[in-house]
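Novice: What shape does this take:
(2 chains)
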Amino acid sequence: MSTSTKSIAIAVMALSMMAACGGGGTDAASAGPPGAPTLEKETGGSKAKLLTEADVTLGDIDNGMAEKGKTTYDVKCQACHSMGENRVVGPGWKGITTRRKPEWIMNMILNVDVMLAEDAEAQKQLEQCLVRMPNQNLSMEEARQVLEFMRTL
Amino acid sequence: MKRPLLFTTGTMALAGLAFVLVNSLPGCRPSTTQTVVTGDAASRVYVKPGTHDEFYNMVSGGFSGQLAVYGLPSGRLLREVPVFSVDPETGYGYSEETKGMLMTSHGFIPWDDSHHPELSQTNGIPDGKWCFINGNNTPRIALIDMGTFRTHSIIEIPNSAGNHSSPFTTGNSEYVVAGTRFSVPMGDDAQRDVPISSYKETFKGTVSFIHPEPETGKMSIAFQIVTPAVDFDLSHAGKGPSEGWFFFSCYNTEQAYSLLEVNASQRDKDFIMAVNWKMAEQLAKEGKGKRVPGRHYSNWWNDKTHSSETTVVEDVLQLDPKEHPGLLYFMPCPKSPHGCDVDPTGKYIVGSGKLAALIPVFSFEKMQKAIAANELEGDFAGIPVLKYESVLHGEVKKPGLGPLHTEFDANGNAYTSFFVSSEIVKWNVEKLEVLDRVPTYYSIGHLCVPGGDSKQPWGKYVIAYNKITKDRYLPTGPELTQSAQLYSIDGDKMELLLDFPTTGEPHYAQAIPADLVKPREVKFFKIEENQHPYVAKGEKEARVERKGNEVHVWMTSIRSHFAPDNIEGVKLGDEVYFHVTNLEQDWDVPHGFAIKGAANAELLIMPGETQTLKWVPTRVGVWPMYCTDFCSALHQEMQGYVRVSPANSNVPLKGETVSVDAGV
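Specialist: Okay, here's the model as predicted:
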């Protein structure tokens, strides 16, 4: 794989993405990004509401939880996220919990469409990665376990 | 803006009418001014962008063998569900897992002729759980799951030919029926190898009662009733007072076996056959009847293994009505009856003699009295024939030419299609009075009112399914589109609102409020529950293995790459099986898979699903593969290579996805 060819492709895609996203998503009531199914928010139930700092509390690392998080990671996340610092499709997870707040990570996992529509940091990341992070439909508990796993990296 | 548009529409409709009157049906079609589309028709079928239709319309594809799904009132095509025919778009019938759905006792049958969608019912009302449809040619019944809009189950019908009067349901979908259009000789080889001219002596018809398991949708044949040799056309279950009975229209009581066009149109009356299915069920339960040869396949789709499962059954339980008086009766019905429709109250059975100029309506209550009083006009091949006058509620006089099918609204009205005179006629069931008529463009076959063959019609619209469109659409060479037409039935007068083109032949259709279906929708398959033998739950499980000359690839797909995407060590003579697992866990993110030179089709893999494409490389070289379903901004990057070496090469087998460090 030629890195230079890759960056040209990314540049071209970046331009077209900008065009596609321009002007959308200022109305908070229709927070879904352009092209996202409107039903998503309805079906998401409580997930449609973003978590705040108070919703996520961290204690000492719970190895049992982290282990469960690793199991979920292997099936649903590993295709795009390395356990190192390098980006594959999305960012590597090593040290991620020092760079991002826990509720931000949880929101990206649980509510990615709203985040990509509303959160400036998430949008900045999309400009880098260009592939919208999939909603892998984790439960709140699973997402919390994944967060715990991230803390061990 | 509005006025010129109206003028144009009206003018075109009038021009269309004039064309027909002059060119095709002199004197057959009543001319009327109602062909002009009324002023607010457009707003009444307009479904604003981003909003949903009110009804699902499940429309058979006829000779396409499939089932199309439209939204009403917009007439927008939402989906074509592959049922009896292979579908390269989805890989149905091409992937290793789906091939089994089309297996029969005759081997793999890639096509059929699908006619009558019938929604499953609870308490006589469509419940939005399943949709059944019949395959005519190689007799089969399919069950479509309304949660996945996929064919979930297909059963072959033994001792059958031309499975037409099917698959109509009992009030709680205890059974759907399958009746023979063609009578045929049955039994062992010697019994079946007979002169065609021995029709009267050796040919038989059958009506089969198929039981779908409520939990799984697996289908089996509960019992089969053997009948005299006639052609069964359509059928409907009784309801309310007539619950427990089933009614079948039959023609060719002349028992002709050649030039039926003439020879089967001789008698003044053919029959509606009444079957006491509760009695048949009881007889079957008591072990009456006998198991006769009837090899058939029952195929079922397992949503956990994402694969078909086939059960082969060698025989079928047959009941002979001659041994069980009270099981079958014939009611005389004028001139080759086609439709056989039971009104919402269950009191009346409408037979539509397609060569008649009247509509006979039978009374279930009178039928019961005639049976009790033994009011017979004789027998037909040993089956009692009740007196016409004794069972008749009355006749609708001079309704039109060639009545075919009838559906109902909730206000005691019936809507009957007239093929020859190209119109829908509204009439009152109790009073037998014609209330209104509208022309259709052209030659209407079936028609549909939402819930119109059930206990509780939702009404609102009647939709005409036409056989001929002629001048209604832009021409497309010798073959023109077929079409449906939507009419409002809210008022006293039916009003034409919309024409919409259809796929294949829109033979029959049913419609159901979307609210009964939408909550059932499956958005993706949970990867944790995937039990496919070749699933790769995450890229850690992606790999390549050789078993003799078979190469198995456990492949994963996620936006936007495959793992592995570089495969080497495949040799000429190998058969490569790509088992592709879609790791996505969100709605509306299928991935496709295609490889150059594949002699079958693509795969279209839903989130959480595993599907398999078999590929036999024919030349040495490096072969491209890629994702066919646009999945992300980097979809065009979702690709890979397979290196194929000569048969005697020593290239080690490996599969990998190599990543450069793309930075943090």
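
Novice: Could you use CA atoms for every contact and neighbour count after this?
Specialist: Noted.

Novice: got the contact list for the closest residue in space to B:Glu377 that isn't next to it in sequence?
Specialist: Once flanking residues are discounted, B:Glu377 sits nearest to B:Lys387: 5.1 Å by C-alpha to C-alpha, 6 or more residues apart in numbering or on different chains. Contacts for B:Lys387 (C-alpha atoms under 8 Å, 6 or more residues apart in numbering or on different chains) come out as B:331-332, B:370, B:375-377.

Novice: Let's see that with 10 Å instead.
Specialist: If you count contacts by C-alpha atoms under 10 Å, 6 or more residues apart in numbering or on different chains, B:Lys387 has them with B:330-332, B:367, B:370-371, B:374-378.

Novice: likewise B:Cys250?
Specialist: B:Cys250 makes contacts with B:165, B:180-181, B:229-235, B:270-273, B:330, B:332-333, B:335-340, B:353, as judged by C-alpha under 10 Å, 6+ apart.

Novice: hang on, B:Pro139 packs against B:His164?
Specialist: Yes: taking C-alpha atoms under 10 Å as the definition, B:Pro139 is a contact partner of B:His164 at 8.5 Å.

Novice: Compare the two and say which is more crowded by neighbours.
Specialist: B:His164 (27 against 24; other C-alpha atoms under 10 Å in any protein chain shown).

Novice: Let me see the contact set for that one.
Specialist: B:His164 makes contact with B:113-116, B:134-137, B:139-140, B:178-182, B:231-235 under the criterion C-alpha under 10 Å, 6+ apart.

Novice: chain center to the helix or strand B:Ser308 falls within: distance?
Specialist: Element membership of B:Ser308, judged by DSSP states H and E, is strand B:307-319. Distance, stretch centre to chain centre, for strand B:307-319: 21 Å (C-alpha atoms, centre = their mean, to the nearest Å).

Novice: Repeat that for stretch B:623-630.
Specialist: Using C-alpha atoms, centre = their mean, the offset of stretch B:623-630 from its chain centre is 32 Å.

Novice: Between its first and last residues, how far does that stretch reach?
Specialist: End-to-end span of stretch B:623-630 (C-alpha to C-alpha, to the nearest Å): 21 Å.

Novice: Now do the residue in the stretch 351-500 of chain B that chain A sits nearest to against A:Leu110, distance only.
Specialist: Proximity to chain A, evaluated over the stretch 351-500 of chain B using C-alpha to the nearest C-alpha, is greatest for B:Pro450 at 25.2 Å. According to C-alpha to C-alpha, B:Pro450 and A:Leu110 sit 39 Å apart.

Novice: swap in B:Trp615?
Specialist: Going from B:Trp615 to A:Leu110 by C-alpha to C-alpha gives 38 Å.

Novice: same check, this time on B:Glu495
Specialist: Distance, B:Glu495 to A:Leu110, using C-alpha to C-alpha: 49 Å.

Novice: more crowded one of these two?
Specialist: Comparing B:Glu495 with A:Leu110 by other C-alpha under 10 Å, the one with more neighbours is A:Leu110, at 26 against 22.

Novice: Show the backbone phi and psi for B:Asp241.
Specialist: I think there's a mix-up here, since residue B:241 is Pro and not Asp. Per-residue torsions, B:Pro241: phi -60, psi -30 (degrees, to the nearest 10).

Novice: right, and it touches B:Gly346 too?
Specialist: Yes: using C-alpha under 10 Å, B:Pro241 is in contact with B:Gly346, at 5.9 Å.

Novice: Show me where chain A dips below the pLDDT cut-off.
Specialist: A:1-48 (pLDDT under 70).

Novice: ok, the closest residue to chain A within the stretch 551-664 of chain B - contacts?
Specialist: Here the stretch 551-664 of chain B gets closest to chain A at one residue, B:Gln585, 4.3 Å apart by C-alpha to the nearest C-alpha. With contact set as C-alpha under 10 Å, 6+ apart, B:Gln585 has these partners: A:76, A:134-138, B:523-527, B:558, B:606-609.

Novice: and the gap between it and B:Gly608?
Specialist: Going from B:Gln585 to B:Gly608 by C-alpha to C-alpha gives 6 Å.
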